[in-house]
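>>> Build me a structure from this.
(one chain, ligands or ions: 1)
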Amino acid sequence: MNPADSNAARARQKRARILLAVIGVLLIAALTAFIFANNVSDWNAPPEAKVLTNPLPRDPALIAAGKALYQERCANCHGDSGNGKGNDSWKYWAKPADFSDASAMNKMTDGELFWKITAGRKPMPSFETKLSEDERWMLVDYIRTFSQPSAPADSK
Ligand code: HEC
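Here you go, the predicted structure:
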């Protein structure tokens with residue numbers, strides 16, 4: 001190999017290393033953006049959703065109906081006891097919310113819970129078209145029972 005050839009080979013190797021470094025940086029940036037977009041950011045309902053109030057009476061029959069819906073649609077992720085440890089929860093990087101955490105639940109209004117059930121956020125699906133508004137409100141009342149087990153059924 002003459003010296004000119006080996007210089008050219010070195011230059012090619014250098015370009016390849018730079019290219020690899022650039023790809024590496026881009027991958028890390030993309031991964032970071034993905035993690036932030038999917039998980040770390042707060043999930044906030046808009047102010048007009050927070051002030052919505054539950055149009056349904058706090059009726060034990062409606063709470064029982066909410067429970068049936070919950071077991072069918074939500075328990076696989078959020079768990080039978082609402083602790084966020086449903087059978088499928090291990091599959092998701094974003095952990096299903098723990099409804100038995102009273103301090104977290106007390107920070108959210110009924111309207112906010114309703115809005116989140118309606119909108120969903122990956123991996124949680126949106127229930128806007130899957131459940132009626134009344135069904136979503138029944139779920140709001142039912143998931144409150146995980147952190148307020150002794151709440152009187154008629155307290156509003
Ligand atoms: C595929 C799994 C999955 C299913 C099914 C699911 N969720 Fe979720 N849910 C999640 C995850 C994950 C989060 C956390 C999302 C986040 O913070 O980005 C969440 C968050 C929530 C929140 C917000 C709690 C908070 O602290 O902000 C509510 C309310 C909620 N889910 C209610 C329900 C209800 C009611 C159902 C059934 C109708 C349901 N979810 C079904 C996975 C699921």
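
>>> So the residue nearest in space to the middle of the chain: helix, strand or coil?
For the chain, the residue nearest the mean C-alpha position is Arg121 (4.7 Å; CA atoms, centre = their mean). Recorded secondary structure, Arg121: coil (DSSP: H, G, I helix; E, B strand; the rest coil).

>>> Give me the distance from the lowest-mean-pLDDT helix or strand in the chain to the chain's centre.
Taking mean pLDDT, DSSP states H and E as the measure, the chain has helix 3-35 as its least confident helix or strand, at a mean of 88. Helix 3-35 sits 36 Å away from the centroid of its parent chain (CA atoms, centre = their mean, to the nearest Å).

>>> Does that helix reach the ligand?
No. Helix 3-35 stays clear of the ligand (CB under 6 Å from any ligand atom), getting no nearer than 11.9 Å. The way it works is simple: take the backbone N, C-alpha and C, and place the C-beta from them, glycine included.

>>> low-scoring stretches of this structure, by residue?
Filtered on pLDDT under 70, the chain yields the residue ranges 1, 35-41, 149-156.

>>> Around the ligand, pick out the residues from it.
Proximity of the chain to the ligand is confined to 43, 73-74, 76-78, 92, 94-97, 104, 113, 116-117, 121, 123-124, 127, 139, 143 under the rule CB under 6 Å from any ligand atom.

>>> buried subset of those residues?
73-74, 77-78, 96-97, 113, 116-117, 124, 127, 139, 143 (16 or more other CB atoms under 10 Å).
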